[in-house]
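> Let me see the structure of the following:
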Amino acid sequence: MAQVTEAPKRSTSTARTETITYGNFRSIITGIEPTWQIGGFALPDGTEWKYREPNATVIVEHEKLRVRANPLSRSHDRIQVLDNAKHMYFSTARFTPPDEGTISVELSIAGRRHNGVPGDLYDGMATVNLLDFNTGAAIDFFATNDKLATVYGRVLFPGVVAQPPADLNRPTYFCIFNELPVATKPGQTHLYKISYDKANDQLWWYIDGEEVDHHSEVPFKMDSFLVALGLMTEKPIDDDRSISLHGQGLTGEWSPLTVTIEHP
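As a prediction, this is how the structure comes out:
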């Protein structure tokens with residue numbers, strides 16, 4: 001069962017399926033019983049890095065969240081994962097996959113990049129990220145004006161120490177960015193779903209009800225994860241200097257999450 005810090009809306013369709021609706025985006029603004037918080041990391045020097053664009057505009061329309069940061073301004077010259085995310089919310093709840101069966105996270109996202117490079121996914125995107133800082137797992141969707149992508153990775157987040165895989169021909173830390181042949185337009189809404197089978201080490205990604213990616217033999221087991229909603233770039237740091245900003249901006253829109261836990 002998912003461990004949550006709010007009283008989510010729940011419905012049970014069968015004795016073996018649980019559905020959780022997780023949103024309450026207005027708590028980002030009010031601060032009352034927050035279900036989301038600004039993401040970031042504590043650093044070894046005692047400072048804290050926050051994924052927060054200081055001039056971002058945050059709008060909640062009914063149950064939908066919209067964030068606009070134009071232009072982007074945040075960057076980091078040394079640590080890649082701190083440079084990538086510009087403005088990001090972490091769920092205050094962690095979600096627990098069943099030992100047998102699957103857990104799925106589904107939501108709608110619309111991404112729009114302003115003054116960006118056409119055709120360049122990594123110049124800026126709206127994202128959903130399933131993150132486990134115990135294993136380093138990062139399971140994502142990226143969405144921008146003309147590109148959609150899945151992301152499958154194990155990332156060297158600050159404080160993460162991952163055990164090497166049993167098969168040393170495989171890397172400990174890795175990331176696959178799979179740009180998809182799915183048509184999209186600036187600001188177009190799609191329905192995204194990620195499903196995880198812990199027992200059988202499998203992951204699936206779906207867009208608008210169609211499977212678009214699948215990985216088996218996943219070399220980590222997530223005992224729990226948080227969900228992140230973000231505005232990001234993905235440009236490698238060059239000679240100790242961030243190259244992720246050139247005046248572009250981003251707008252992202254997200255619906256509440258539907259988390260479904262299915263038991264065999």
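
> for the closest residue to residue 119 other than its chain neighbours, what are its contacts?
With CB to CB, 6 or more residues apart in numbering as the criterion, residue 119 has its nearest non-adjacent residue at 6.1 Å, and that residue is residue 146. C-beta: built from backbone N, CA, C; applies to glycine. Contact partners of residue 146, counting by CB atoms under 8 Å, 6 or more residues apart in numbering, are 118-119, 184-186.

> One more: residue 78?
Contacts of residue 78 (CB under 8 Å, 6+ apart): 237, 240.

> I'd like the secondary structure assignment at it, please.
coil (DSSP: H, G, I helix; E, B strand; the rest coil).

> next SSE after the helix or strand containing residue 68?
Using DSSP states H and E, residue 68 maps to strand 64-69. Sequence-wise, the next helix or strand downstream of strand 64-69 (DSSP H and E) is helix 80-84.

> how far is that next one from where the chain is centred?
14 Å (CA atoms, centre = their mean, to the nearest Å).

> same deal with stretch 151-169?
Taking CA atoms, centre = their mean, one finds the center of stretch 151-169 at 17 Å from the center of the full chain.

> Could I get the buried residue list for it?
151-155, 157, 160, 162 (16 or more other CB atoms under 10 Å).

> right, and out of these, which lies closest to residue 33?
residue 157 (27.1 Å; CB to CB).

> and the closest one, how far is that from residue 227?
With distances taken as CB to CB, to the nearest Å, residue 157 is found 15 Å from residue 227.

> Now do stretch 220-238: distance from first to last residue.
Using CA to CA, to the nearest Å, the gap from the first to the last residue of stretch 220-238 comes to 30 Å.

> Would you mind listing the buried residues in that stretch?
In stretch 220-238, the ones that count as buried by 16+ other CB under 10 Å are 220, 222, 225-235, 237.

> ends of stretch 237-246, how far apart?
14 Å.

> residues of that stretch that come out buried?
237, 242, 244-245.

> show me the contacts for residue 214.
Per CB under 8 Å, 6+ apart, neighbours of residue 214: 202-205.

> So which of those residues sit within strands?
The members of the contacts of residue 214 that map onto strands under DSSP state E are 202-205.

> Relative to residue 64, how far out is residue 165?
With distances taken as CB to CB, residue 165 is found 40 Å from residue 64.

> re earlier: got a winner among the contacts of residue 214 for most neighbours?
residue 205 (24 neighbours; other CB atoms under 10 Å).

> Setting aside sequence neighbours, what's the nearest residue to residue 85?
With CB to CB, 6+ apart, the residue lying closest to residue 85 is residue 51, at 4.4 Å.
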